[in-house]
Each structure stands twice: as C-alpha cells, then as structure tokens.
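Q: Okay, structure incoming, though there's no sequence with it:
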C-alpha cells in the first residue's frame with residue numbers, strides 16, 4: 001500500500017530561528033478509518049503541540065475532523081511496517097502511514113519536538129512557574145495537601161502550631177543574635193578605649209613625688225569607673241536577655257512536644273495507611289484482571305478495532321477467529337438480502353426437475369429451427385468465432401480449453417472431491433495451493449427446467465442486469481466494449497471483514513458453440529478471464545484477484561405430444577460452471593475453502609431462480 005508524501009508547510013528547519021518554536025508541519029498521510037473503508041488519505045497538520053487532520057487540504061476552512069494534544073501522546077513506530085506509526089492518547093489511537101520510512105521518520109521527529117516544547121515533563125515547565133517557593137509557603141502547602149485526606153484535624157492543627165513555633169523561634173534567634181553582636185561590639189570598644197587612655201596617662205598626666213621617692217599618678221580627672229564605664233546591656237535596644245532566654249526555652253520545648261504528638265498521631269495512623277494501601281493495591285489488581293479479561297473477550301468477538309486485526313501477514317487475529325468473523329459478516333449480509341427480497345413482490349419460481357430420457361437434444365427436434373425472441377434479449381445475436389478484436393485469439397484459446405476440459409465427466413477422478421450435493425446441483429473441488437494461496441479449481445453441475453442455455457448465458461453476461469441478481473458486488477463499470485459480445489469489466493466486491501476487499505478486471509465474452517453434428521445439444525458459453533488494461537490499475541484499497549470462469553449451458557428438449565408447440569415445460573438446461581480463482585492476499589486457506597463451499601451453491605440457486613422468474617411467461621429464445 002502506498003501513500004502520498006507529507007510536506008512541511010513551513011521552512012525546512014524543525015525550529016523557527018526567530019521564535020525558537022517548532023514550525024507548523026502539514027501534509028498527506030494515510031489514516032486508518034474503520035474496517036469498512038480501511039486506509040484513507042487525510043491532510044494532517046502539526047501545530048502548537050496539536051495534531052489535527054482534515055479530509056483534504058482544500059477542506060481546512062471547514063474545520064478539522066479530529067485532533068490530538070501531544071502533551072501525553074505516545075508515538076509508536078510499527079514493528080513490521082516501516083511506513084506506519086501509531087499515536088495514542090489514553091483510549092484514542094490514530095493509525096497513520098507515510099509514503100516511505102524517511103517521511104515517517106520526519107513526522108515522528110517533528111511530533112516529538114512539539115511534544116518536548118510543550119513543557120510537559122521537561123525542565124522548562126518548572127522554570128515557567130517563577131521563583132522558588134519560600135520555605136513557609138512550601139511547608140504550608142504541604143500541610144494543606146498532604147493531610148487533606150485525613151478525617152481528623154489534630155495533625156493539621158499540630159502542623160500549624162509547628163509553623164507558628166518556627167516563626168517565633170526564627171524571630172527569637174534574630175533578636176538574640178543582635179544582642180550577642182551588640183555585646184561583642186561593646187566589649188571590643190571598651191578594650192580599645194582602655195588601652196588608649198593608659199597610653200595617654202603615661203605621656204601627658206603630671207606626676208608628684210612622694211617623700212619616699214615614689215611617683216604618684218594624678219587622679220584629679222576621675223576614677224577608673226569614670227574613665228571606663230561598664231557596658232550596659234539595657235542600653236542595647238532595651239533587650240531583656242533573661243526574658244528572651246526563657247521564651248526561647250519555652251518555644252523549643254513546645255516544638256519538641258508538638259513533634260512528639262505528631263509522631264504519636266502518625267504511628268496511630270500507620271495501620272490505617274497500610275489498610276488504605278492494601279485496598280488500593282487490591283483495587284488495582286482487580287482493574288488489571290478486568291482489563292485482561294476484557295482484552296481476552298475482545299479477541300473472541302467478530303469485531304476488532306485497528307488495522308492490526310485485518311487480513312495480512314502480521315495479523316493479530318488467528319485462523320479460527322478469522323473464520324468466525326467472516327462467517328458472522330456473511331450471515332449479516334444474508335439477513336440483509338433476505339429482508340430486501342421479502343420486501344419485493346416476487347412471482348413463484350419454476351422448480352427444477354430431474355433430467356430423464358424424455359429430453360432429447362434440441363438439434364434433433366422438429367421445432368429446433370423455430371426460434372422465438374423478445375425485446376429484452378433482442379440485443380444478443382448468435383455469436384460465433386467471427387468476432388474480431390485485439391483479444392480475439394486469447395478468447396478463442398480460453399473457449400477451446402473450457403469446451404475440452406470443463407465438460408468432462410468427473411467419473412472416478414480422485415482429484416475431484418464432491419463437497420456439496422443438493423438435488424440436481426453438485427459442487428466439486430480440487431485442492432490446490434501455490435505459495436500459501438488457495439487456487440482450488442471448482443466445478444458445479446446443475447439442471448434447471450423452463451429456460452434455455454441462451455437465456456441463462458445472456459443474463460449471466462449482460463451487465464445491465466448484473467446488480468439484479470449479484471449480491472456480492474459493491475460496484476462495477478464497463479472499462480471498454482470490444483464488440484457486441486465482448487466487454488472488459490472492472491468490479492469491486494463487498495468487503496467481508498477481516499478479509500481485505502477484492503477487485504477484479506476481466507474480459508467477459510458470450511459465445512454460441514457451433515454444433516459439429518445433429519446430435520449435439522444447443523450450447524452457449526460465457527467466459528470471464530482476467531486481463532490487463534490501462535484504465536484498471538491497482539489501488540491501495542483493494543487486493544486484485546485473478547479469475548478464469550466459464551458458464552456452459554446446454555439446452556435439452558422433450559418432444560411435445562402431437563403438433564403442439566414447444567413450451568417451457570419441454571425445456572431443460574444442463575449447466576456446467578467452472579471457476580479458477582486466485583484471491584491474492586493473506587486470507588487463511590481454511591477460510592477461503594469454507595466460503596467457497598458456502599457461497600457457490602447459493603450463487604447458482606439465486607442466479608437460476610432469477611432467470612426463471614425473468615423468462616416466465618415470455619417467448620422462448622433458443
């Protein structure tokens with residue numbers, strides 16, 4: 001599967017040099033929509049930490065169809081698909097595919113860059129909150145949040161007391177520190193003045209001599225107390241040191257008491273916390289068990305989300321689950337078809353009758369040369385090998401091979417297995433596989449009363465009535481008309497999830513087989529085989545199947561009594577239907593065989609019943 005590449009709508013750089021922010025990125029990616037429509041191209045835009053998608057670039061003005069915030073997004077490159085990556089946010093998951101691994105790498109890098117710049121879980125997110133919180137506010141915040149779950153208020157109150165004590169203690173420490181600093185400054189100044197006065201006395205003060213010859217200092221200027229007044233603590237801002245010391249002691253005692261009380265409360269609550277923890281662990285275990293159970297049940301259901309469960313080499317769905325899902329989808333389609341049919345006014349069907357010896361070949365009957373026609377089949381003329389177009393040789397080869405091998409009786413050929421038998425209808429299959437792909441040739445025989453081989457082949461070939469009886473086709477169109485009796489058709493079949501949708505491009509030709517002798521029955525053939533055409537290229541949406549299908553119809557007539565005209569009661573058509581189909585893709589072999597066994601008999605009964613209804617009461621066309 002290929003995708004369109006993604007292109008940046010901004011510059012080639014990942015970051016805008018002016019703003020420093022990642023530039024906008026926009027482009028086309030394939031997005032998994034659902035199991036019906038699969039991968040679809042979408043215009044995806046990466047901007048401002050948001051990933052949005054639109055149906056197309058032209059429809060951006062109508063608004064996005066979805067968006068994801070990348071803050072908590074998880075980007076997961078696929079293990080096997082080099083172009084795919086998944087983005088998940090909680091329960092929302094986007095499955096995306098780029099054109100090639102290089103573009104996937106570009107998108108992942110850009111998304112990671114936007115996610116990092118969003119600030120979630122990064123250092124930049126912390127810086128955006130401003131300055132650091134103060135210790136007081138941080139402690140207050142802790143006390144308010146960490147204890148909010150407690151039923152009682154003792155512990156929060158004690159923590160608040162701790163806050164008060166801490167503030168008081170800080171103020172007291174500051175006051176005492178100022179007091180001690182003042183004392184230290186006073187002592188230093190006192191010693192400095194004392195030394196200076198002593199020096200001046202030795203030099204300037206007059207002395208007297210006592211009679212005994214001793215020298216006396218002159219103390220007229222005052223005593224030592226006057227020269228060196230003692231430091232006065234009360235003069236230092238009037239601090240009551242004793243009172244401050246008593247308060248400091250009381251504050252520290254209060255802190256210790258409150259801490260003891262807090263410890264006692266936390267010890268008492270330890271059992272409660274442990275019980276709460278055990279309860280949370282048990283709750284988490286139950287949630288995990290429920291998740292595993294739900295995941296297991298999901299795998300058993302027929303509907304799975306995401307492309308990993310669809311058909312493919314790495315599908316997460318096993319063969320049994322694949323079969324159950326396909327069978328459930330086919331049952332739903334059958335119910336829808338039955339409802340549609342019940343709403344229509346339908347005529348009674350002509351029932352097939354067993355063939356007998358009363359029927360002879362049309363070539364030997366006296367009414368064989370009296371063909372009848374009516375308007376709905378007038379466009380189909382007798383077709384011979386004279387049609388000439390660029391595929392004429394290929395058509396002739398296919399016709400000859402079918403006439404040579406497809407009409408052979410099963411006999412005792414052990415290679416063919418009878419898989420279905422309902423009345424005159426028998427379905428045979430030969431099991432063939434090539435490189436793991438089922439190529440089982442299929443052959444079915446049937447006998448239907450009241451219609452000719454020409455009529456059956458006409459309705460099988462005519463594209464104008466295809467949708468009237470075919471219920472498995474989603475749409476089809478004629479790619480090219482080669483001649484009046486040969487066309488190239490492209491058609492897509494309805495998807496049966498989890499199998500991928502199939503399409504087929506084939507040439508369809510209708511041919512009357514000319515009889516080689518009078519005893520040969522009147523024989524018509526329609527062959528459909530795959531061809532290549534410029535207008536039928538492969539698409540990402542479908543897996544191309546190859547086919548080689550033929551419907552061979554032989555008309556047998558029972559002679560009417562007397563000179564009566566031939567009627568539909570005298571006609572029996574023997575049908576041989578062969579199909580060689582290469583479905584492509586990765587569908588399991590058992591599923592393909594089961595579907596073929598179920599669908600081919602239904603197809604034959606539905607188609608032959610439709611032709612019987614359409615031709616009832618109308619002239620016979622041989």
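A: That came through, no problem. These figures come from a predicted structure and were not determined experimentally.

Q: And the helix or strand harbouring residue 490, how far out from the chain middle?
A: Element membership for residue 490, per DSSP states H and E: strand 486-493. With CA atoms, centre = their mean, to the nearest Å as the basis, strand 486-493 stands 32 Å off its chain's centre.

Q: tell me the mean pLDDT over whichever helix or strand comes after it?
A: The helix or strand immediately downstream of strand 486-493 is strand 502-513, counting by DSSP H and E. Here strand 502-513 scores 94 as its mean pLDDT.

Q: Give the pairing partners of strand 502-513; include direction for each.
A: Here strand 502-513 has these sheet partners by DSSP bridges: strand 486-493 (antiparallel), strand 522-530 (antiparallel), strand 543-544 (parallel).

Q: quick one, which of those strands is packed in tightest?
A: strand 522-530 (a mean of 23; mean count of other CB atoms under 10 Å). C-beta: built from backbone N, CA, C; applies to glycine.

Q: Any stretches of the protein with poor pLDDT?
A: Filtered on pLDDT under 70, the chain yields the residue ranges 1-22, 35, 118-154, 195-242, 297-305, 343-386, 411-414.

Q: How about the residue positioned nearest the centre of the chain: what's its closest non-neighbour residue?
A: By CA atoms, centre = their mean, the chain has its centre lying nearest to residue 306, at 3.1 Å. Leaving out its chain neighbours, the residue that sits closest to residue 306 by CB to CB, 6 or more residues apart in numbering is residue 95, at 6.0 Å.

Q: in which helix or strand would I find the one you found?
A: strand 92-97.

Q: Quick check: next helix or strand after that strand?
A: Per DSSP H and E, strand 92-97 leads on to helix 101-117 as the next helix or strand towards the C-terminus.

Q: and that following helix, how far out from the chain's middle?
A: The chain centroid and the centroid of helix 101-117 are separated by 19 Å under CA atoms, centre = their mean.

Q: what's that helix packed up against?
A: strand 6-7, strand 25-34, strand 38-47, strand 74-77, strand 84-89 (3 or more CB pairs under 8 Å, 6 or more residues apart in numbering; DSSP states H and E).

Q: List the buried residues in it.
A: For helix 101-117, burial by neighbour count (16 or more other CB atoms under 10 Å) applies to 103-104, 106-108, 110-111, 113-115, 117.

Q: Kindly report the same for stretch 50-58.
A: Burial within stretch 50-58, assessed by neighbour count using 16+ other CB under 10 Å, is assigned to 50-54.

Q: Could you do stretch 34-45 as well?
A: 35, 38-39, 42-45.

Q: Which members of the residues you listed define the maximum pairwise distance?
A: For the buried residues of stretch 34-45, the maximum inter-member distance is 26.0 Å, found between 35 and 45 (CB to CB).

Q: Check which helices and strands whichever helix or strand residue 274 is part of sits against.
A: Secondary-structure assignment from DSSP H and E places residue 274 in helix 241-300. Counting contacts by 3+ CB pairs under 8 Å, 6+ apart, helix 241-300 packs against helix 154-204.

Q: what angle separates the helix it packs on from helix 241-300?
A: 140 degrees (axes from the mean of the first three to the mean of the last three CA atoms, to 10 degrees).

Q: what about residue 395, how many neighbours?
A: 23 (other CB atoms under 10 Å).

Q: what do you get for residue 500?
A: 19.

Q: And for residue 173, nearest residue in space, chain neighbours not counted?
A: residue 248 (7.9 Å).

Q: Hmm, that neighbour is touching residue 168, no?
A: No: contact criterion CB atoms under 8 Å: residue 248 and residue 168 do not qualify, at 9.1 Å.

Q: rewinding a little: so which of the strands paired with strand 502-513 gets nearest residue 78?
A: strand 543-544 (19.8 Å).

Q: partners of the helix or strand just after the closest one, with directions?
A: Per DSSP H and E, the first helix or strand lying C-terminal to strand 543-544 is strand 546-557. Within its sheet, and counting by DSSP bridges, strand 546-557 is paired with strand 360-361 (antiparallel), strand 522-530 (antiparallel), strand 571-582 (antiparallel).

Q: Can you add distance to residue 433 and give those strands back as JSON lines?
A: Putting the strands paired with strand 546-557 into JSON lines (distance: least, CB to CB, whole Å) gives the following:
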{"stretch": "strand 360-361", "distance to residue 433": "40"}
{"stretch": "strand 522-530", "distance to residue 433": "19"}
{"stretch": "strand 571-582", "distance to residue 433": "11"}
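
Q: Can you say which of those strands is nearest to residue 324?
A: Closest approach to residue 324 among the strands paired with strand 546-557 is made by strand 571-582 (22.8 Å; CB to CB).

Q: buried ones in that closest one?
A: In strand 571-582, counting by 16+ other CB under 10 Å, buried: 571-581.

Q: got it, and stretch 57-65?
A: So stretch 57-65, judged by 16+ other CB under 10 Å, has buried residues residue 64.

Q: Give the buried residues for the helix or strand where residue 327 lies.
A: Following DSSP H and E, the helix or strand that holds residue 327 is helix 319-342. By neighbour count on 16+ other CB under 10 Å, the buried set for helix 319-342 is 321-327, 329-330.

Q: ok, residue 467 to residue 457 distance?
A: 18 Å (CB to CB, to the nearest Å).

Q: My guess is residue 77 contacts residue 87. True?
A: No: look at residue 77 against residue 87 with CB under 8 Å: they stay out of range, at 10.6 Å.

Q: These two: which is more packed in?
A: residue 87 (19 against 14).

Q: count of neighbours near residue 71?
A: Residues near residue 71, counting by other CB under 10 Å, number 15.

Q: That one looks like it's in a helix, true?
A: No: Residue 71 is assigned coil when assessed by DSSP: H, G, I helix; E, B strand; the rest coil, not a helix.

Q: contacting residues around the closest residue to residue 38 other than its chain neighbours?
A: Excluding the flanking residues, the one nearest residue 38 by CB to CB, 6+ apart is residue 541, at 6.1 Å. Residues near residue 541 by CB atoms under 8 Å, 6 or more residues apart in numbering: 37-39, 501.

Q: Was I right to think residue 472 contacts residue 494?
A: Yes: using CB under 8 Å, residue 472 is in contact with residue 494, at 5.7 Å.

Q: Would you mind listing the residues in contact with the closest residue to residue 453 other than its chain neighbours?
A: Excluding the flanking residues, the one nearest residue 453 by CB to CB, 6+ apart is residue 553, at 3.0 Å. Listed by CB under 8 Å, 6+ apart, the contact partners of residue 553 are 452-454, 456-457, 523-525, 573-576.
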